[in-house]
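Engineer: mind looking at a prediction? Sequence and model below.
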Amino acid sequence: AKMPLNDEENAQLHDFSRWLTARGCGGIETTVRVGKSSVGGGWGLFAARDIRRGEAVLALPLRTLSLSEETADDSVHREYLAKISEELWTLYGFSNATPHGDPLIAIQLLLHAQDGAASEWAPYIGMLSRQRSAGWGWEE
């Protein structure tokens, strides 16, 4: 179930919806809406109208909604990211073949968080949960 929002959450949600739309996401507000969920207290997607079986409800363009080596190359932090990337690969053996994932993505997100409101990712980072629980133990 969708929960009511306070003024701060409404402003945050408005910024996030505009951010998604500016990045080419389709279906936000017309097919689905982002809202506060009664399950776990986090954000979720809710149908904005009846949805037909097989209907595409949301378009998320990977290129504009992801952090990657390419976005690191385009980043204002590119020199730092190149250096840290090299060091991580040397120290820990990260590569495309390792199951550890790409630490460069996490580092980019941390740098965007550090940049605060000046970051192009600020609306997304603002939506991330501050809750430390993984959600285990939900009763619903």
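Structural biologist: Perfect, thanks for sending it.

Engineer: who's in contact with the most centrally placed residue in the chain?
Structural biologist: What sits nearest the mean C-alpha location of the chain, by CA atoms, centre = their mean, is Tyr124, with 5.1 Å. When contacts are counted by CB atoms under 8 Å, 6 or more residues apart in numbering, Tyr124 touches 16, 19. (Each C-beta comes from the backbone N, C-alpha and C, glycine too.)

Engineer: now the strands for this protein?
Structural biologist: Remark: strands assigned in the chain by DSSP state E are 2-3, 32-37, 43-47.

Engineer: just put those in TSV and tack on distance to Leu13.
Structural biologist: Shown next, in TSV, are these (distance: least, CB to CB, whole Å):
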stretch	distance to Leu13
strand 2-3	11
strand 32-37	6
strand 43-47	8
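
Engineer: hey, which of those strands is tucked in deepest?
Structural biologist: The highest mean neighbour count among the strands of the chain, using mean count of other CB atoms under 10 Å, belongs to strand 32-37: a mean of 17.

Engineer: state the mean pLDDT of that one.
Structural biologist: Across strand 32-37, the average pLDDT comes to 85.

Engineer: now that strand, how far from the chain's geometric center?
Structural biologist: With CA atoms, centre = their mean, to the nearest Å as the basis, strand 32-37 stands 14 Å off its chain's centre.

Engineer: need the contact partners of it.
Structural biologist: Identification of contacts with strand 32-37 by CB under 8 Å, 6+ apart yields 1-5, 9, 13, 16-17, 28, 42-48, 57-58, 127.
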